[in-house]
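K.L.:
pasting the structure only:
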Ligand code: FAD
């Protein structure tokens, strides 16, 4: 008999397991994948940590969370400064004085603001009814056309005129020469990869991989006093109200026979006709240069049952559906639903740790 059965060896499940284990609780962690870490899993190829499920950069303003992860592993000083490639021109992201200089040749914030204002004048007094109008109202037409339109349409598989404006209520725009994508106080990547962080969290805990909870969930639930479930909430309830929707991704890896393919960890491809959204060159996350180098092209794809559910689609219909599942979840006293799939939300890693630690306070204090 276990005190806790934890379904999912991702970041959320691993933090809960770690905290429970520290307090002498007997835990069993199961995961249907063949490795721990969920989507933050990294795997060594030629000594370089490969971000198997997309680029992951840890960034936070939460002192407690930053101290928590730094007690477990050492972080490097990686700073995310992605580039966007449009018709063979490169632009800095997020939108900053570098981007405005590259786009129009302007050099001062005043010149950049005047340029943007002249391009969004016509949208000043309208209430945007779709993402296109919202984006032009925020940043003007040139940047929208080159850097937002195609990328967003690929990302969501829909035209920007068919997407709701709330997706980009705000855009990170800076009138300084600062291309650090995040404005959080702390940022970095574990020097030995995210898998090392998860392994530290799970040290001394029983973990069964290649084990799907739904192969025999009644038997698993009987084995523990409490269950922490981090899988899809609708699946737990046998999709009785229907399926929640997601956007999925396909990753295509290529070993390139050069020691530095693109000079940066992340380059976005913003043209609509290029089917992938970005290329990741993993070695730049670790400040290494070696031949050959592994690159990954990331293709957004429609999600179907059985595919990896990457991004929840939090539109009205799905949010209402989630609410119905949430009501069922709230009636369970043995099972706690957590993590990104259990709460049907996009959550960064620091949010996940914060939520897991808060849950632990409720469970153990
Ligand atoms: P998961 O990592 O999904 O873990 C859930 C686990 O449960 C999985 O291992 C799964 O196999 C397992 N599971 C599910 N169902 C079952 C079942 N029936 N039986 C057994 N096991 C099951 N965050 C950042 O802070 N910075 C970033 O740069 C960043 N980049 C991202 C890029 C991409 C492409 C994506 C999709 C996300 C990114 N994130 C980033 C978010 C980050 O991935 C999440 O915060 C984190 O992975 C969530 O952890 P989790 O434990 O909730 O979920």
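P.N.:
Yep, that arrived. Since the model is a prediction, treat every value here as computed from it, not as a measurement. Residues are numbered from 1 along each chain as shown.

K.L.:
List the residues that contact whatever residue of the stretch 151-300 of the chain ends up closest to the ligand.
P.N.:
Scanning the stretch 151-300 of the chain for proximity to the ligand using C-beta to the nearest ligand atom identifies residue 231 as nearest, at 2.8 Å. Quick note: C-beta positions are derived from backbone N, CA and C, even for glycine. Taking C-beta atoms under 8 Å, 6 or more residues apart in numbering, we find residue 231 in contact with 7, 8, 213, 341, 342.

K.L.:
again, only using 10 Å
P.N.:
Residue 231 makes contact with 7-8, 10, 13, 31-32, 212-214, 217, 309, 337, 339, 341-342 under the criterion C-beta atoms under 10 Å, 6 or more residues apart in numbering.

K.L.:
which of these count as buried?
P.N.:
Under a neighbour-count criterion of 16 or more other C-beta atoms under 10 Å, the subset of those counted as buried comprises 7, 8, 10, 13, 31, 213, 217, 309, 337, 339, 341, 342.

K.L.:
Relative to residue 121, which of those is nearest.
P.N.:
When the buried ones among the contacts of residue 231 are compared for distance to residue 121, the smallest value, 41.3 Å, is given by residue 309; criterion: C-beta to C-beta.

K.L.:
what's the closest non-adjacent residue to that closest one?
P.N.:
Computed as C-beta to C-beta, 6 or more residues apart in numbering, the closest residue to residue 309 that is not its neighbour in sequence is residue 246, at 3.8 Å.

K.L.:
What are the boundaries of the strands in the stretch 201-350 of the chain?
P.N.:
Assigned by DSSP state E, counting those that start in this stretch, the strands in the stretch 201-350 of the chain fall at 206-208, 224-229, 246-256, 266-269, 278-281, 293-302, 311-312, 335-337.

K.L.:
Ok, which of those comes nearest residue 86?
P.N.:
Each of the strands of the stretch 201-350 of the chain was scored for nearness to residue 86 using C-beta to C-beta, and the closest is strand 266-269 (8.0 Å).

K.L.:
Switch the buried ones among the contacts of residue 231 over to JSON lines; also include distance to residue 184 and pLDDT.
P.N.:
Rendered in JSON lines, the data for the buried ones among the contacts of residue 231 read as follows (distance: C-beta to C-beta, whole Å; pLDDT from 0 to 100):
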{"residue": "7", "distance to residue 184": "30", "pLDDT": "98"}
{"residue": "8", "distance to residue 184": "26", "pLDDT": "98"}
{"residue": "10", "distance to residue 184": "21", "pLDDT": "98"}
{"residue": "13", "distance to residue 184": "24", "pLDDT": "98"}
{"residue": "31", "distance to residue 184": "29", "pLDDT": "98"}
{"residue": "213", "distance to residue 184": "34", "pLDDT": "98"}
{"residue": "217", "distance to residue 184": "38", "pLDDT": "94"}
{"residue": "309", "distance to residue 184": "26", "pLDDT": "95"}
{"residue": "337", "distance to residue 184": "27", "pLDDT": "98"}
{"residue": "339", "distance to residue 184": "21", "pLDDT": "98"}
{"residue": "341", "distance to residue 184": "24", "pLDDT": "98"}
{"residue": "342", "distance to residue 184": "25", "pLDDT": "98"}
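
K.L.:
which of those lies closest to residue 101?
P.N.:
Distance ranking of these against residue 101, using C-beta to C-beta, places residue 309 first at 39.5 Å.

K.L.:
which residues sit against stretch 161-169?
P.N.:
Here stretch 161-169 makes contact (C-beta under 10 Å, 6+ apart) with 127-135, 137-139, 148-149, 152-153, 155-157, 160, 314-316.

K.L.:
same deal with stretch 118-130?
P.N.:
Applying C-beta under 10 Å, 6+ apart, the external contacts of stretch 118-130 come out as 104, 117, 132-145, 159-169.
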